[in-house]
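Participant: Sharing a model prediction with you, sequence too.
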Amino acid sequence: MLKNMNAEKSIMMLLCITLLIFPLIGSAYDVLNMSYFLSTVFLSISLWLIWGLTGIFSFGQTAFFGVGGYAYAMISMNFDNPNMTILALILAMVIAWGLAFLLGYFMFYGGVNDVFVGLITLCVTLVMATFLAQSAGSQWKIGDVLLGGDNGINNIPPIAFKLGSIELSLYGNSLYYFIIITMIIIYLLFKKMQIGKLGYSFIAVRENRERSQLLGYNIPFLQTLAFSFGGMLAAFSGVLYVTWGGYIAPSAMDISAAALPVVLVAAAGRKNISAVMIFTVLYYFLSQKLSVSGSEYALVILGVILILVILVVPQGIVVTLFNFFDRIFFKKRRRNVNGTTTDSKQAGNF
Amino acid sequence: MDSFSFLILAAIGLAIIFGMMGVINLAHGEFIMLGAYITTLLSLAGVPIPLAIMLGALGVGCFGFIVDKLIIRHLYGRPLDSVVATWGISLIMGQGMLIIMGPSLQGLSTPLGSFTVGDINYSTYRLVLGIIACLLLVILYWVFMHTKFGLRSRATMQNEEIARSLGTNTSRMYTSTFVIGSMFAGLTGGLYSFTMSIGPTFGSGFLMESFVTVIVGGANPLIGTVMAGGTLGVVHSGLSYVFGTFIGRVGLLVAAILFIRLWPTGFSGLIEKKLIRVKRYNG
Amino acid sequence: MELQPTQNKQVTSNHEKILELKNLTIDFGGLRAVNNVNLTVNRGELRGLIGPNGAGKSTIFKLIMGIHSPTAGQVILKENDITKTSTWQRARLGIGIKMQIPGVFGELTGYENIRIAAQNYVVPNEIDEEINRLAKLVGIEHLLEHEVNNLSHGQQQWLEIAMTLSSKPELLLLDEPVAGMGPEETAFTAEIVQRLNKNGVSIIFIDHDMEFVRKISERVTVLHQGATFAEGSIAEIESNQEVIEIYLGSDVYEGA
């Protein structure tokens, strides 16, 4: 693993260590905030999988985020047993996977591609948000749980586990470590996938659909596969969010919320999973700092950054930085398919 | 009728820019908002309404010119990149307006009063809007089909390289398109500023509808927008009437989704297939 | 009808048909681009497909691969009717195609390009070996680590041929394989094509470079306005008065 060191790997390892010891150096308030930032990273990773790796431009990840949050709330709040929250987590992800699969099948097997996927997914997200926003009446409920209209659902229980006298509820440090551990596992999993057959199949879909088809790739199937797992990951992010905050509302799926992950992933450098993760945390961290200090210029600054990125560094800010550090510290030149440089023939050898 | 004119007016600016340049302007809502602000401010200062609206349109057109020169001209034909960049523009405009002018602006009352047919009250102004929408389409048709400019723009839309080699200054074409698209957005904002409350989020009420209309309409701003506006207008009005506005909006979105799935190139694509043309093929 | 994946069959008989097009027709709007074409290619043949511009040659390739669906007629591969089979499955059945427009992944390296082409057909622990073998076949083994956009036009073409070969196709379709190549590169390509054919690959190719056609093809089919016009050895075709006439109407007849 140490053989092919580069900027990306060194930075990620550094961050990993820092994040693992973070609760020891930060306050409880800091840990709470960091948990929130990290939970949004899964949403960005889901978009990396779909867009960065497979080339599907989707505005729909927030819809699946919402599905995750709402489904989890519905299931966990209909039962008193805290162990049901685990089932709720699993079911929420499975439901999201299923819905994403259906939507993917609908689109990709119908030959819809490129910009039009973005437009359909945007519409789907808006349908969900609009529909839920008008669900205020008491007739809108599943089991005993009201959908709640614009106000959404409150008092959602965190993921918990109770066996005999052992009771563990994901809150504070335990939630933080749960998020960190799952993130590390998913990161390593995806890094491995990326250099394997499935990863390269997705890359083939991204690079040139028609040509890949002529090479024997079943394009709609691969697209639907990526899209369904992307949806599942986005739902996981949603479940983490409601575990953290205990609350979900339709505003999490409005047009700004839908555009944000796209914008973050594009600005970071969408082909590189590490870049996407780092930039997401950075953005939320800075946003919070700016809003806490009362600055109304936060969004203006973000807007300017986005424009500059597209015009000056369309590869993405973080990816460009990786390349820059690679050239200085590691003397590497070639940019591989991840948008980072290595001196090996393969992309992202780990 | 109401829905129809709303959809047409909301979408036409977006459609022109997308159809011609392949640029998706996510700041379209903010452009509309800018038009509304200019018109409102001028109107409050005493400028007569029609003039205020036209100056609103012109103002946004100028703004569009600047934006094109600075940013958009690097993004021709790059729909995904234009999404991110125009999102940035929309953030700056929206937040900027909030900072400069505050969360809301004193609104204006709808002019021209109302009239009754049978026992239903109609707003005269809304009728005027409908007429304007139709007039716009007629003007657009005339410009597209019967002027040199229109001919050149149609040529550029079909095949940029050939148009360029035949002497059309395509970058000037694109700039003027963006300016015209912006003007239409400003016009819509100005027109509707008399019917809604004014604030930095004024445009968001148009964004969804305009996108949906453009999606369903396809790349041709004229045919597409008309047919989409018509169809979706019917869907929206019908559903709103029976089930209420929320369901009306949901219905609109669902219709759009189905439409894209069945005809990804929109109404424009459908019509083009019907007309007999020789499709380019190799060999 | 079982559709088997690619197998390396031995060339058993010269009369085994590898591809048969029966009454193949396609209309685009009001225009009939391919008109009732009947074409048979035997296993092991090296067939040239020539004709003036607009004759429908590339369209036929697209019909064979399933990019277009015919208005009428059938495409039969190794005695199996594949007219309704999807494109990606046809690739897996043993047809490799290199089209006119460049089909390499420009932003990836040569290694990654061949990797993507080959990984559906080679087991993971043999894939590096296979990539090197294919690269050597076309002479680009020293270029594998370069971004493909930085390779010359000829090198990209050879890379694409290597990619096309990674599925060990029994039938290879080449659309203008030497377009844009100078005489040396053309000669090298001719050598590659002939070597492949000797190893049992049936090849159909389209090209306008008559010297190239003359050099490598055994049999040539002439297409005109979407229909088969003539068929025979290159000598027969070149002395065919009617063929000459249809070419005089276009200015693509090179190397006369």
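Facilitator: Looks like it arrived, so ask away.
Participant: Please look at residue C:96 and residue C:160 and confirm they touch.
Facilitator: No. Using CB atoms under 8 Å as the test, residue C:96 is too far from residue C:160 to be in contact (10.2 Å). Just so you know, the C-beta spots here come from the backbone N, C-alpha and C atoms, and that holds for glycine as well.
Participant: More neighbours: which of these two?
Facilitator: For residue C:96 and residue C:160, the more surrounded residue by other CB atoms under 10 Å in any protein chain shown is residue C:96, and the numbers stand at 27 against 23.
Participant: Specify the local secondary structure of residue C:140.
Facilitator: coil (DSSP: H, G, I helix; E, B strand; the rest coil).
Participant: Would you quantify the distance from it to chain A?
Facilitator: To chain A, residue C:140 is 13 Å away according to CB to the nearest CB, to the nearest Å.
Participant: Report the separation between the most far-flung residue of chain C relative to its centre and residue A:197.
Facilitator: Most distant from the centre of chain C: residue C:125, at 29.5 Å, with distances by CA atoms, centre = their mean. From residue C:125 across to residue A:197, the span is 12 Å (CB to CB, to the nearest Å).
Participant: Is residue 33 within a helix or a strand, and which one?
Facilitator: Answering for chain A, as no chain was given. Counting by DSSP states H and E, the secondary-structure element that holds residue A:33 is helix A:28-47.
Participant: please go with chain C instead
Facilitator: In this assignment (DSSP H and E), residue C:33 forms part of strand C:31-42.
Participant: What of residue A:239?
Facilitator: Short version: residue A:239 belongs to helix A:219-245, going by DSSP H and E.
Participant: Show me what that helix is packed against.
Facilitator: helix A:28-47, helix A:61-77, helix A:84-108, helix A:173-194, helix A:197-207, helix A:209-214 (3 or more CB pairs under 8 Å, 6 or more residues apart in numbering or on different chains; DSSP states H and E).
Participant: So which elements touch the helix or strand following it?
Facilitator: Scanning forward in sequence from helix A:219-245 by DSSP H and E, the next helix or strand is helix A:255-268. The criterion is 3+ CB pairs under 8 Å, 6+ apart, and the helices and strands that helix A:255-268 contacts are helix A:28-47, helix A:61-77, helix A:115-133, helix A:273-292, helix A:298-312, helix A:317-325, helix B:79-101, helix B:204-217.
Participant: Got phi/psi on the residue nearest the centre of chain C?
Facilitator: Geometric centre of chain C, nearest residue: residue C:173, 1.4 Å, by CA atoms, centre = their mean. Residue C:173 adopts backbone torsions of phi -110, psi 120, taken as degrees, to the nearest 10.
Participant: Return the residue spatially closest to it, with its sequence-adjacent residues excluded.
Facilitator: Nearest-residue entry for residue C:173: residue C:97, 4.3 Å, with adjacent residues in sequence omitted and distances by CB to CB, 6 or more residues apart in numbering or on different chains.
Participant: hang on, the one you found packs against residue C:58?
Facilitator: No. If you go by CB under 8 Å, residue C:97 and residue C:58 don't touch, sitting 10.6 Å apart.
Participant: Common neighbours of those two, please.
Facilitator: Counting by CB atoms under 8 Å, 6 or more residues apart in numbering or on different chains, the contacts common to residue C:97 and residue C:58 are residue C:175.
Participant: what's the burial count for residue B:75?
Facilitator: 24.
Participant: And it, its phi and psi?
Facilitator: For residue B:75, the backbone dihedrals are phi -120, psi 10 (criterion: degrees, to the nearest 10).
Participant: secondary structure class for residue C:102?
Facilitator: Secondary structure assignment for residue C:102 (three-state DSSP): coil.
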